[in-house]
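*Asks:* coordinates for the following, if possible.
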Amino acid sequence: MRRWPLWGRRWTPAAACLVAACAGGHYRPVSDTPVRIGKPYTVRGVTYVPAEDMTYDMLGYASWYGSESGKRTANGERFRPGWATAAHTTLPLPSYVEVTALDTGRRIIVRVNDRGPFAGSSRIIDLSRGAAEQLGLRAVGKAAVRVRRVEPDEKDRERLRHGKAARPLPPVSDAVRANLLSQIAAAGMTVR
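*Replies:* Next up is the predicted model:
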C-alpha cells in the first residue's frame, strides 16, 4: 500500500482516485436526458422564462466565451471550451440549434447546455470557443446570426456529446442570406 499525502493516511490507488474525483467537482454526465426547462430566473433585473419552443427561430448577435474551462454549465456538465456548445437564456437544457453567420452564410449545429448571454437584448446566444471557431467567428467579438432550434439525427447528437463537430452543413443560399440581412437591417442592427 502506498502512503498518500491526503490526511496522512494509507490509501490504495483505487481509493485515492475516488477521493481525487470527488475533489474535482461533481459534474453531470454529458447526456441528452433528462431535458430540463427550469423555472423563471432573474439576472440584472431581467426575468427569463425558460420554455419548450420547437419553433424558435431568431435573428440577433452571437458572442463567444472560452475562459470558463473546467467550470460547471447550467445543466451541471463540465464546460469544455473546445466543444461546439452554447449558452441560451430560455431554451431547454440540453437542446440543439443551428447557428448561421449572416456575413458568410456558414452554418453549424451546436448543443445548448448553459444559460446566457446576459448582456443586452440583441445578443441571443453565447458560443463556446470551439463553436465560434467552427463558424468562423472567433476573431470577432460578436456577429449577426440566425439561431434556429433543430432536432439533429442521433449520429450528430452523439458526435456533439463527445466533443466532435456535427456533420458539415452547406451554407445558406445567397437569396436566404440576403433576406436575413434585410431583416437585420430593418431591425436597426448591423452585421458586425
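*Asks:* what about the nearest residue to Ile109 once chain neighbours are set aside, how many neighbours?
*Replies:* Ranked by CB to CB, 6 or more residues apart in numbering and with sequence neighbours excluded, the top spatial neighbour of Ile109 is Ala166, at 4.1 Å. No exception for glycine: its C-beta is placed from N, CA and C like everyone else's. Counted by other CB atoms under 10 Å, the residues lying close to Ala166 total 22.
*Asks:* am I right that Ala166 sits in a strand?
*Replies:* No - assessed with DSSP: H, G, I helix; E, B strand; the rest coil, Ala166 is coil; it does not lie in a strand.
*Asks:* that one and Ala84 touch, don't they?
*Replies:* Yes - in this structure Ala166 lies within contact range of Ala84 using CB atoms under 8 Å: 7.0 Å.
*Asks:* which neighbours do the two share?
*Replies:* The overlap between the contact sets of Ala166 and Ala84 (CB atoms under 8 Å, 6 or more residues apart in numbering) consists of Ile108, Ile109, Leu160.
*Asks:* biggest helix in the chain by residues?
*Replies:* Ranked by number of residues, the top helix in the chain under DSSP state H is helix 174-186.
*Asks:* just the CA atoms of that one, as PDB, please.
*Replies:* Listed in PDB are the C-alpha atoms of helix 174-186, where the atom choice follows Å, rounded to 0.1, in the frame of the first residue of the first chain:
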ATOM      1  CA  ASP A 174     -27.500  33.900 -51.400                       C
ATOM      2  CA  ALA A 175     -31.200  34.500 -51.600                       C
ATOM      3  CA  VAL A 176     -31.800  33.300 -48.000                       C
ATOM      4  CA  ARG A 177     -28.800  35.300 -46.700                       C
ATOM      5  CA  ALA A 178     -30.000  38.500 -48.500                       C
ATOM      6  CA  ASN A 179     -33.400  38.000 -46.900                       C
ATOM      7  CA  LEU A 180     -31.900  37.500 -43.400                       C
ATOM      8  CA  LEU A 181     -29.600  40.500 -43.900                       C
ATOM      9  CA  SER A 182     -32.500  42.700 -44.900                       C
ATOM     10  CA  GLN A 183     -34.400  41.700 -41.700                       C
ATOM     11  CA  ILE A 184     -31.300  42.600 -39.600                       C
ATOM     12  CA  ALA A 185     -31.100  46.000 -41.300                       C
ATOM     13  CA  ALA A 186     -34.800  46.600 -40.800                       C
END
